[in-house]
Structure formats: structure tokens, C-alpha cells
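Engineer: Model the following, please.
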Amino acid sequence: MITTKYINRTKLLAVSILSFALWSCHTDKLVSNKHLAPDLPEQYRDQGKTQQESNIGSIPWRNFFKDPVLQGLIDSAIQHNLDMQLALKNIEAAGLSLKQAKAGYLPTAQLQVRGNSTNPSNNSMNGLSLGQFLGQHHVEDYTASVGLSWEADLWGKIKSQNVAALASYLQTEEARKLIQTQLVAQVAQGYYQLLMLYQLRDIAQQNLQLSDTTLRIVKQQYEVGDITLLALEQVDAQRLSAAALIPDFEQQIRIQENAIQILSGKLPEAVQIQEQLVNVHFPENLATGVPADLLSYRPDVKQAELAVTGSQAYQHYVKARMYPSLVISAEAGVNAFKASNWFNLPASLFGAITGSITQPIFQRKELKTQYELARVDQEKNVMIFKQKVITAAGEVSDALISIQKLKEKQQIAVNKTNRLKEATKHANLLFETGMATYLEVITAQSNILQSELELAQIKKAELAAVVDLYRSLGGGWSN
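Structural biologist: Predicted structure coming up:
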């Protein structure tokens, strides 16, 4: 009969604690804070009047960048870049913290086995009682028990901890996405820089060949006495100036290759390019969507929004700490004067259940100060979130105007280069027939060289602006 009583109490205790746990334990959802963002216009500045529902930021980077060499470099950077590896470790650590926070709803359990021997003074009440009733002067006590303790989440303290932990975890995921978007953009821009350097070297080599032809003609005219030694020396000096550009560009090519490989997590080595700068093209109409898309695609904006959510949850947690805490504790097991009597059931069984309410009263304003600090931190995170949104919209607008004006500049540079090519051709023909001086030839060749170099740099700047637009719209974190 006694055994049944203890078993029933144990069952009742277990059912009660489990019921409380199920009542408190539910899926925590993050509250969206997009309403805290500043009012965004229907379109970006310099976007044009065309409404664009799609957004290139949603295009996976493998579909946006078609060059297989560039794809390989980006893939290697994502896999081996140390910043990415650190981001993954941060995600792993945040995941462990999230699991720990979710366990806050569960009761704590402790298995305890203890034994003690007490030898009171023979002149004490306990000593006299032992001697009188037990005929000995010491008492032994052996206990084996399981203790449970569970705090009821009356004010949402544990829930707030879970929300804060979840927001922190998602922040690390957005941080990884942010690093990847930056990494993809850096590799792409570095690759286009490398293509530009190769084209600049090729232009310098072609100009050197043109200078060699001019120098050969000038030597022939000098030998027959048509021109002076001064003319020969000036043409030769102009050729050497063109030749000096080649090792300079080759040096920059090697350094740029090293930078790209290091960014990709590799040791310095050559990059086997298969494409030329002039053959790289993106669609004419780059869809930017609407500014509100930034709240969904930009990792840094989403990270800032999650920081607001996390700080709100922490503020609620700190506030809940100022309220009373209800803790239910229970202990059950066996207790006997001798360990061998543990299994003398039901006589050795014991059980206890307690409930306590604790209310902080005087803690030198510590809890209130923590709450005020949490409130200030939450307000700061709201400001940072708004600033992130404004900055993101500004970056998109900057990229749009850069692309637009670089296209105009490129068209002007193309027309200028074509005119200078014709001028150089005419100058060479006139020089061969004696109708133009060597100075006119040198000037024409120098002008065409500078114009072609400028055109290649404008082309690279336009590609870099397109990549920056892709990044500023949140593109690059999706494979």
C-alpha cells in the first residue's frame, strides 16, 4: 500500500512538471521589424521610369557570371577563403547557443548519491539521545535520489532568451551571406581588372610594333639625308617609351594574379584566362526591382533588422528578471541508516516537492540599470537598421548613375579612338610621301595609344560598376 502511494506521487510529480513544460514550450517566432525602416520610394534615383518587378540581386552568381574561369575562382574563394571559414565557425557556435537556449524550457535533473557519518558530542542532546536509544555515539545516513527543478516561464523570460538566441543565430547566417556577396564582388572585379591589364599590355605591344615601323622608315630617310639625326633620336625615344609600358603592365598582371589567387584561398600562381575584356557583356537592361527589395535581399540590412529583434528580446528578458520567479523542485529516492537497506522497499522510499517564489527587492539598481542599458541598445540598433537601409539605397543609386555615365563616356571614347586611328593612318601615309613631319606621326601615335588605354579602362570601370550594382542589390550569396 505504501509502495503504491509513493509510485502515485512520483507519477503525479512527473505529469505535473511535464504539463508545465509543454504549456511553456512552444515555437518562438521572430517579429518582423521592417516597419521600422525609413519610408522608401517606389524606385531608385536614376532608375528610369520603367517599373521593374524583377531584381538581378535574386539571380544566383553562377547564372550572373558566365565566364567559367571566373566561376572557378569564385567557387574556390567561397570554399577556401579564411573569412568564409570563420563565418561558418561563428554559425556553428551560434547554433550551439541556440540549442542551449531552447533547453531552458526543460527541468534540470540531478542524480545524487551521498553518505555521511555524524559523531555528536557525548554531552550534547543529540549525543545523549544516540547513546540512550541506539546504544552508540555516531549515526550514519545513506541517500540515493533524483532531484528535479523547473522554473515556470510566467513573464516570458525563457521565451525572450530563445528569441534573442535565434536572432543571434540568424545574424551569423546573414553575416556569412554578407561576406560571400563581398567576396564574389571582389573576385569578379579583380578578374576584370586582370582582363584589363592583359588588354593594356596587348595595346602597348601593338603600339610598339607601330613605333618599330615608324622608326624603320625614319632610319631609311635619315640614311638618305631627308631628315636630321634629331628626328631619328626623337622617334627612337618615342619607341622606347612605348616599350617601357610592356614590363610595367606585365608586373601589374603578375601582382593582380597573386591577389586573386590569395583571395581565392590559394597560393600565388598564374590565372589561365580564356576571355578578353572587349568580349565581356552584361544585359543592357539590368533589373533593379524596387527599393523595398533591399529589406529581403541585402544581408547587411537583414542582419541589422535581426539585431533590432535580438535587442528587443533581450530588453524583455532583462525586464522579466525584475519580476517574481516561480521554481518548482522535487526530490525522490531511497534513504537508510545502512546502504544495504536501500532496497528495503517501501520503507526506505522518500519524496519531497517544494515551490518557491523569489522576488528581487534590493540589488543596488543593478537590474533596472541593465534594463535601461538594454533599452538604449535597442534604440541604437533601430538607428543602425535605418542607416543600413539608407546606405543600401544610396549604393544602388550610385551604381546606376555610374553605369549610365560610363556608357556615355565609353561611346565618346570609341568615337575618339576611331578618329585617332584614321588620323594615325593618314599621318603615316603623308609622312611616307613627305607631306607630314615626323612630329605629326609621333603625336598621332601617342594620341591613339592614350585613347586605346583610356577606352580599356572605361570598359573595366563599367564592368566594375555592374558588379557593384549586383552586390548592392544583395546578389552573390545564392549559388
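Engineer: residue ranges with poor pLDDT in the stretch 301-450 of the chain?
Structural biologist: Residue ranges of the stretch 301-450 of the chain with pLDDT under 70: 339, 363-364, 431, 433-434, 436-439.
Engineer: First-to-last residue distance for stretch 345-353?
Structural biologist: Length of stretch 345-353, first residue to last, Cα to Cα, to the nearest Å: 20 Å.
Engineer: The host helix or strand of Glu250 packs against which elements?
Structural biologist: Using DSSP states H and E, Glu250 sits in helix 229-263. For helix 229-263, the contact count by 3 or more Cβ pairs under 8 Å, 6 or more residues apart in numbering; DSSP states H and E identifies helix 157-223, helix 438-472 as packing neighbours. In this view, the C-beta of every residue, glycine as well, is placed from N, C-alpha and C.
Engineer: Enumerate every residue touching the residue lying closest to Ser160 once chain neighbours are set aside.
Structural biologist: Among residues not flanking Ser160 along the chain, Tyr317 sits closest, at 3.8 Å (Cβ to Cβ, 6 or more residues apart in numbering). The neighbours of Tyr317, taking Cβ atoms under 8 Å, 6 or more residues apart in numbering as the test, are Lys157, Ser160, Gln161, Ala164.
Engineer: Let me know the distance separating the closest residue to Gly190 other than its chain neighbours from Ser76.
Structural biologist: In space, and not counting its chain neighbours, Gly190 is closest to Ile260: 4.7 Å by Cβ to Cβ, 6+ apart. Counting by Cβ to Cβ, to the nearest Å, the separation of Ile260 from Ser76 is 10 Å.
Engineer: The two: which is more packed in?
Structural biologist: Ile260 (24 against 17; other Cβ atoms under 10 Å).
Engineer: That one reaches Ala188, doesn't it?
Structural biologist: No - taking contacts as Cβ atoms under 8 Å, Ile260 lies outside contact range of Ala188: 10.1 Å.
Engineer: What ranges in the stretch 51-200 of the chain fall below the confidence cut-off?
Structural biologist: Applying pLDDT under 70 to the stretch 51-200 of the chain flags the ranges 51-53, 121, 123-128, 130-137.
Engineer: Leu70: which of the helices and strands packed on helix 229-263 is closest?
Structural biologist: The closest of these to Leu70 is helix 157-223. By Cβ to Cβ, the value is 5.0 Å.
Engineer: how much does the closest one deviate in direction from helix 229-263?
Structural biologist: Angle between the axes of helix 157-223 and helix 229-263 is 160 degrees (criterion: axes from the mean of the first three to the mean of the last three Cα atoms, to 10 degrees).
Engineer: If I look at the residue nearest to Gly190, what pLDDT would I see?
Structural biologist: Looking at Ile260, its pLDDT is 91.
Engineer: Now do the same contact list for it.
Structural biologist: Counting by Cβ under 8 Å, 6+ apart, Ile260 makes contact with Leu73, Val187, Gly190, Tyr191, Leu194, Val271.
Engineer: Compare those residues and tell me which is most surrounded.
Structural biologist: Tallying neighbours with other Cβ under 10 Å puts Val187 at the head of the contacts of Ile260, with 27 neighbours.
Engineer: So that residue sits against Ile74, correct?
Structural biologist: Yes - at 5.0 Å, Val187 counts as touching Ile74 under the criterion of Cβ under 8 Å.
Engineer: Show me the common contact partners of the two, please.
Structural biologist: In terms of Cβ under 8 Å, 6+ apart, Val187 and Ile74 are both contacted by the residues Ser264.
Engineer: Provide the backbone phi and psi angles at Ile361.
Structural biologist: The phi/psi pair for Ile361 (degrees, to the nearest 10) reads phi -120, psi -60.
Engineer: Distance-wise, check it relative to Gly310.
Structural biologist: Distance from Ile361 to Gly310, by Cβ to Cβ: 29 Å.
Engineer: So for the two, which residue has more residues nearby?
Structural biologist: With neighbours defined as other Cβ under 10 Å, Ile361 and Gly310 compare such that Gly310 has more, 24 against 5.
Engineer: Contact partners for the nearest residue to that one once chain neighbours are set aside?
Structural biologist: Spatial nearest neighbour of Gly310, excluding adjacent residues (Cβ to Cβ, 6+ apart): Ala167 at 3.4 Å. By Cβ under 8 Å, 6+ apart, the contact set of Ala167 is Leu30, Leu306, Ala307, Thr309, Gly310, Ala313.
Engineer: In JSON lines, list the residues you listed along with distance to Gly333.
Structural biologist: Conversion of the contacts of Ala167 to JSON lines gives the following (distance: Cβ to Cβ, whole Å):
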{"residue": "Leu30", "distance to Gly333": "42"}
{"residue": "Leu306", "distance to Gly333": "45"}
{"residue": "Ala307", "distance to Gly333": "47"}
{"residue": "Thr309", "distance to Gly333": "44"}
{"residue": "Gly310", "distance to Gly333": "41"}
{"residue": "Ala313", "distance to Gly333": "38"}
